[in-house]
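# With the input below, show me the fold.
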Amino acid sequence: MDGIYRTEQSEHVLHDDLLEGERLGPRQLECFSAVAEEGGFTQAAARLNISQTAVTKQVHLLEKSLGTRLVDRSTKPVTLTDAGRYLLPLARKAIDSLDEATREMRSYQQGEAGPLRVGFLRNCDPQLLVETFNPFLRAHPGVLFEPRSASSHELFLMAKKGSIDAFVCMETRENCALEHHRLRSYPLVVLVPRESGFAQQEVVRDGDLTNVLFDARDPLQSSEGFPELEGNLLRIACGMGCAVLHSFTGNNCYGDYVVSRPLEPRVETSIYLFFSDCAKSPVVQALRGSLG
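Prediction:
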């Protein structure tokens, strides 16, 4: 005989096979599990806070979908057929998975879980980065933090494409229109070749500067067309000029060739946290809210 075969005494065949493409409904499985665990339809209805008629209907639909009886209604309390006993652990597993998915989605909707893709300026102040993100991540342990380092121009392009949600950077011509929050201000220093005359001075006066490769005092500069930090550091190390940058850039891999000196007169500029226009997830909204 094709389909599911059961003896008339235990499991009546309702139709030959599970309908093609038909899936078992979560409400059906929940009602079936409740009947099995509580020993009756009335008790299951009380547990689920629905009518007994609704429970009976859902179990009947489940049996119809599977083409076999799952519950022996002739006993008190009701018992499960062989098919019912086989299905019960599967039903419990499916319900647990749905419950877990529900909890995960609620956490996501509340901004407590989900990906957070953050870019940051290469050679950025590590203390600033940790102090900016550590409290938020500790308060939201379900967040999947995905940090990436890049130049300011690269960060802007990633934000524009939606491949990052936010980034830590100085203000430039490209990113100034994005939503941003000031994180910290830093004094500017002049990075000069170690073998230059400037390196022998305690401070470098603004009026003495020549061949400035990059100047952080100009927020409208763009790094498009050349490396914003690493390339300029190499140029400075090779004696091709100097750069005016934030003080934390003095700690770099070219320490044997490049030194930093305070700029006179003293100037401070800020580092910001920028948000991509594409970033609208609950996690990003939670990060915004944490900034005050």
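
# could you measure residue 259 against residue 242, distance?
From residue 259 across to residue 242, the span is 10 Å (C-beta to C-beta, to the nearest Å). Placement of C-beta: from N, CA and C, glycine included.

# and if you look at residue 235?
Separation of residue 235 from residue 242 (C-beta to C-beta): 9 Å.

# So between the two, which is more surrounded?
For the pair residue 235 and residue 242, the greater number of neighbours falls to residue 242 (25 against 20), based on other C-beta atoms under 10 Å.

# Phi and psi next, for the residue lying closest to the more buried one once chain neighbours are set aside.
Excluding the flanking residues, the one nearest residue 242 by C-beta to C-beta, 6 or more residues apart in numbering is residue 192, at 4.7 Å. Residue 192 adopts backbone torsions of phi -130, psi 160, taken as degrees, to the nearest 10.

# mind starting the numbering at 254 from now?
Right, with 254 as the first residue, what we last looked at is residue 445.

# OK, contacts around residue 445?
For residue 445, the contact set (C-beta atoms under 8 Å, 6 or more residues apart in numbering) comprises 451-452, 457, 489, 495, 511-514.

# Pick out whichever of those sits closest to residue 291.
Nearest to residue 291, judged by C-beta to C-beta, of the contacts of residue 445 is residue 513 at 74.0 Å.

# Surely that closest one is in a strand?
Yes - counting by DSSP: H, G, I helix; E, B strand; the rest coil, residue 513 is located in a strand.

# in the stretch 354-503 of the chain, which spans are strands?
With DSSP state E, counting those that start in this stretch, the ranges of strands along the stretch 354-503 of the chain come out as 366-374, 395-403, 419-422, 432-446, 457-458, 465-468, 495-499.

# Which one of those strands lies nearest to residue 524?
Comparing those by C-beta to C-beta, strand 432-446 comes nearest, at 5.2 Å.
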